[in-house]
Every structure is written in structure tokens, then in C-alpha cells.
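Enquirer: Using only what follows, build the 3D model:
(one chain, ligands or ions: 1)
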Amino acid sequence: MGKVVLAYSGGLDTSVAIVWLREQYRLEVVTVTADVGDHKDVAAIRQKALDLGASEALVVDARREFAAGYAFRALRAQAVYQGRYPLSAALSRPLIARLLVETARKVGAEAIAHGCTGKGNDQVRFDVATAALAPDLRVIAPVREWAWSREEEIEYALERGIPVPATKKSPYSIDQNLWGRSVECGVLEDPWAEPPDDVWAWTCSPDDAPAEPEYVEVGFDAGTPVSLDGRVLPPEELVAELNRLAGRHGVGRIDMIEDRLVGIKSREVYEAPAATVLLQAHRELEGMCLPRETLAFKALVADRYAELAYFGLWYAPLREALDAFVDATQAAVTGVVRVKLHRGSCQVVGRKAPKSLYQFDLATYDRGDRFDHRAAEGFIALFGLPTRVWAQVQRGGTDAPSAGKSRQPAGKAVGRAV
Ligand code: ARG
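Expert: Presented below is the predicted three-dimensional model:
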């Protein structure tokens, strides 16, 4: 009997999939449940898999790897999809796919399987990640294949003694990990409807947040967050703690219309308190430590990076090449950023860095000023030269007084030389 390695969440879809894969494909099912910081009871999930007929049920604590190798990479790249979504779900898929592939190799499986539907991005991420890591492995997506209605799926489950949650199922489809929580479906499918209170789990409403602001100092080492208020923390703890802290102040709610890779526009609601704070703090530190040209180019990279992650191309050579660029920029991004959290807002109010490019004696308007004001004149003459020439040509060669040349001897001299 061949084997298939199934990504198992413990929910109805993947529970049905254990039984269905054995029935339809006559494959032995090995399940993998990865903990990426989603607070699930992995011991109970593991037992459930075995009860449903899995021959082996593995549980992997992947929190540190997820935070350090996926979320913080995206953070250093400033990767945010369509300017809003910090990519929480998108970043976890390539990691889970890698764990599936590794397990498949270990147990000698011929296929991996996941519980994604045929309408979302996640199927693309699992399938393409697997193609990149193990092109010979087959991917089975039971939910995409069986294409049942909810009722048909429940009927199948009841017939085979698969436990169907008795409580009325939450109307939402929820995915969560350290980097954020995504909520879809139910009333959210009406883009005009404000998200009801029961959508939120990690953030309090800004209306109910404490009246007093709270400050937090995030320490970065070469672009990677390493401490909160001076306390050095491992990546997964730092993110978990910041989720709690910023969530208490109602920070990190996102409500957006998003373009899925498969062409559908969908209404998505996210909670990402830690990601929101860290992205803002990191960006601000980069603003202080990176030269203007690097910042401008890096912004282009950020957009492409976010798309690659969103589109399931994490293991594509381009993502690795972009990471090499990003890493090359981060050496100087070390320092501390002070963030103020208050009633849904998160504002950087202070920053310091040993390699700061901010120079007081260049920036100040006070007595300590060392900037050469006279040099500005010549600089502007050359910088403005193309505009001046254009204006002169537009006016048919007449020396229009509005060009302001008469007041700028330096500009005149340069104009003549040309
Ligand atoms: N739209 C997001 C993405 O494609 C989140 C999807 C998460 N899934 C869910 N069932 N809520 O990355």
C-alpha cells in the first residue's frame, strides 16, 4: 500500500480527507500537524487523526522557524501585499509544504495532500511549493476533488462515523498563526457590512481600548527584531507578546478587498497587531539607517517580494535572489524604535541607531548648523538646469523674465556655458 502525507488541522475537511484518501486512493495516510502559533491542541488533534485511521500522526512545533525564517524575512523585506496584508497565511504555507515533503521522504510516501479548496490562494501555495521542493511528488487536494456542498460532506462524515462538530459552526473561515489571523465568509462577504464584533479575537475595539497610551521599545539587530523594552526574546515569544500588547490597544485591524491569484476579488479581514507594529518600526529604522537610493529600490523589491509570497512562489529562485539583496541592506538596520500604542493607532515616536545617517549638525536650524548653505545655490543651478532649458525652449527661445534667471547669476553662467 502506498502512502500519502496529509496536512492535518483537525477540522472537518481534513478529518474527512483522512477517510476519503484511504477509500478513494487506497493510500495509507500519515498526518502532519504543524504548530505555527495558532494555539491549537496538538495532542488532541494527533489522537483524532489516529482514531480516524491515520497510520502515523506527527506534530511539529514550527513556531520558531516560522517566525525567524518566514515572518521575519518578510519583515526585513517590508513585504505587504497590496499595501495592506502582512501575508500571515501566505507565509505559513511554504513552511508547512516543506514539512510535508520532508515527512514524505522520511516515510517513503508517493504523494502529499492538503485540505484547500479550488477557489483560494492556499492550494496554489501548497502545490507550487511542493513542485519546487519535490517535483516528483504528487499533490492530492481532496476538497478540490470531491467538490461537495457542506451538506454532502456532512452526510459522508456521518455515514462513516467521522465526528461532525455539534455546535453551530462559526460562520467564518479562520486561519491563524503568529503573524496574523485571517477571517473570511459569513456576513463579511457583503463588502458594505461592517465586521461584527464576533469577527475579532486578538484585538479589542479601539473604542474600548485603554484611555492611556502605552509605549513599547522594539530593538532590532540587522533588521531582525530581538527585544521588547530591552528584554531579549526568542522570535516566536517576541511576536506572541507583541500581539497581546498591541492587541490590547486595538492595533492591527485590517479590512480590505484583496485580489486573489485565481482572479477573484474577496473581502478579507485580518488581525495582525505584532506585524503592524514591527513593520512600522522596522520601516522607520530603515528610514534612519539606509541611504535614499537604497530605500527607493528596496520599496520596489518589497512589492515584488510580497507578490512572490502571496502567489506561492516562495521557493522560486527570484525570492532567494531578492533575499540576498534584502540581507545586504540590513547590516546597518540596528537600533531601537519607540512606538506609542493608543486606541487603534500605532505611531513611531522615537528612534535611535548606532549607524544612523541622521546627522544633527546637518539637520539643525540652530547654531550648530554645519550645512553649507552657499553650496545649495550651485547645486540648484545644475539640478534645475533641464527644467530651465525646457522652459526656454517652450517659450521659443525668448528669454522670458519669469524664468527668474536675472536673480541667479550662477544659473546664468551655467546656461551660457551650455
Ligand atoms: N486571503 C488570505 C491569503 O490568501 C488569507 C487566507 C486564509 N484562509 C482562511 N481560511 N481564512 O493569504
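Enquirer: correct me, but residue 319 touches residue 304?
Expert: No - between residue 319 and residue 304 there is no contact under CB atoms under 8 Å: 9.1 Å. All C-beta spots, glycine's among them, are computed from the backbone N, C-alpha and C.
Enquirer: These two: which is more packed in?
Expert: The neighbour comparison of residue 319 against residue 304 (other CB atoms under 10 Å) goes to residue 319, with 19 against 14.
Enquirer: Could I get the contacting residues of that one?
Expert: Contacts for residue 319 (CB atoms under 8 Å, 6 or more residues apart in numbering) come out as 305, 308-309, 313.
Enquirer: quick one: secondary structure of it?
Expert: The three-state assignment at residue 319 reads helix, by DSSP: H, G, I helix; E, B strand; the rest coil.
Enquirer: same question, residue 20
Expert: Under three-state DSSP, residue 20 comes out as helix.
Enquirer: Return the distance of it relative to residue 26.
Expert: Separation of residue 20 from residue 26 (CB to CB, to the nearest Å): 11 Å.
Enquirer: who has more neighbours, the two?
Expert: residue 20 (24 against 9).
Enquirer: ok, the more buried one touching residue 146?
Expert: Yes - using CB under 8 Å, residue 20 is in contact with residue 146, at 6.8 Å.
Enquirer: which neighbours do those two share?
Expert: Counting by CB under 8 Å, 6+ apart, nothing touches both residue 20 and residue 146.
Enquirer: Can you get me a residue count around residue 10?
Expert: 17.
Enquirer: check contacts around it.
Expert: 33, 40-41, 44-45, 48-49.
Enquirer: Name the SS class of it, please.
Expert: Following three-state DSSP, the label given to residue 10 is coil.
Enquirer: related to what we said a few turns ago, and the contacts of residue 319 as a markdown table, adding pLDDT and distance to residue 278?
Expert: Shown next, in a markdown table, are these (pLDDT from 0 to 100; distance: CB to CB, whole Å):
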| residue | pLDDT | distance to residue 278 |
| --- | --- | --- |
| 305 | 98 | 16 |
| 308 | 98 | 20 |
| 309 | 98 | 16 |
| 313 | 98 | 23 |
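Enquirer: neighbour-wise, which of those residues leads?
Expert: residue 305 (26 neighbours).
Enquirer: For the strand or helix carrying that one, enumerate the helices and strands it packs against.
Expert: Assigned by DSSP states H and E, residue 305 falls within helix 292-310. Packing partners of helix 292-310 (3 or more CB pairs under 8 Å, 6 or more residues apart in numbering; DSSP states H and E): helix 72-77, helix 88-107, helix 273-289, helix 317-330.
Enquirer: what does the first one rub up against?
Expert: Counting contacts by CB under 8 Å, 6+ apart, the residues outside helix 72-77 that touch it are 86-87, 91, 179, 223-225, 235, 275, 278-279, 282, 301-302, 305-306, 309, 322-323, 326-327, 330, 333.
Enquirer: Tell me the buried residues in stretch 18-31?
Expert: 18-22, 25, 27-31 (16 or more other CB atoms under 10 Å).
Enquirer: neighbouring contacts of that stretch?
Expert: Residues contacting stretch 18-31 (CB under 8 Å, 6+ apart): 1-8, 14, 46, 49, 52-58, 103, 107, 109-111, 113, 140, 142, 146, 156, 160, 162.
Enquirer: Any of the residues you listed buried? List them.
Expert: 3-8, 14, 46, 49, 52, 54, 56-58, 103, 109, 111, 113, 140, 142, 156, 162.
Enquirer: Return the subset of the residues you listed lying in helices.
Expert: Of the buried ones among the contacts of stretch 18-31, the ones assigned to helices by DSSP state H are 14, 46, 49, 103, 142, 156.
Enquirer: I'd like to know which of these is nearest to the ligand.
Expert: residue 14 (12.6 Å; CB to the nearest ligand atom).
Enquirer: so that closest one sits right up against residue 32, yeah?
Expert: No - here residue 14 does not reach residue 32: they are 10.6 Å apart, not a contact under CB under 8 Å.
Enquirer: Which residues are in contact with each of the two?
Expert: With CB under 8 Å, 6+ apart, residue 14 and residue 32 have common neighbours 6-8.
Enquirer: pLDDT below threshold where in this structure?
Expert: Within the chain, the stretches with pLDDT under 70 are 167-169, 397-418.
Enquirer: so how many other residues sit close to the closest residue to residue 193 other than its chain neighbours?
Expert: Taking CB to CB, 6 or more residues apart in numbering as the measure, residue 193 lies nearest to residue 187, with 5.1 Å between them; neighbours along the chain are not counted. Using other CB under 10 Å, the number of residues around residue 187 comes to 14.
Enquirer: so what's residue 187 up against?
Expert: So residue 187 contacts 171, 193, 195-196 (CB under 8 Å, 6+ apart).
Enquirer: For whichever residue of the stretch 251-400 of the chain sits closest to the ligand, grab phi and psi.
Expert: Nearest residue of the stretch 251-400 of the chain to the ligand, counting by CB to the nearest ligand atom: residue 268, 4.9 Å away. Here is the backbone geometry of residue 268 (degrees, to the nearest 10): phi -130, psi 140.
Enquirer: So what sits opposite the residue nearest to it when sequence neighbours are not counted in the bridge?
Expert: Nearest residue to residue 268, sequence neighbours excluded (CB to CB, 6+ apart): residue 258, at 4.7 Å. Beta bridges link residue 258 to residue 266, judged by DSSP bridges.
Enquirer: Closest to residue 345 out of the ones in helices among the buried ones among the contacts of stretch 18-31?
Expert: Distance to residue 345 across those (CB to CB) is lowest for residue 14, with 38.5 Å.
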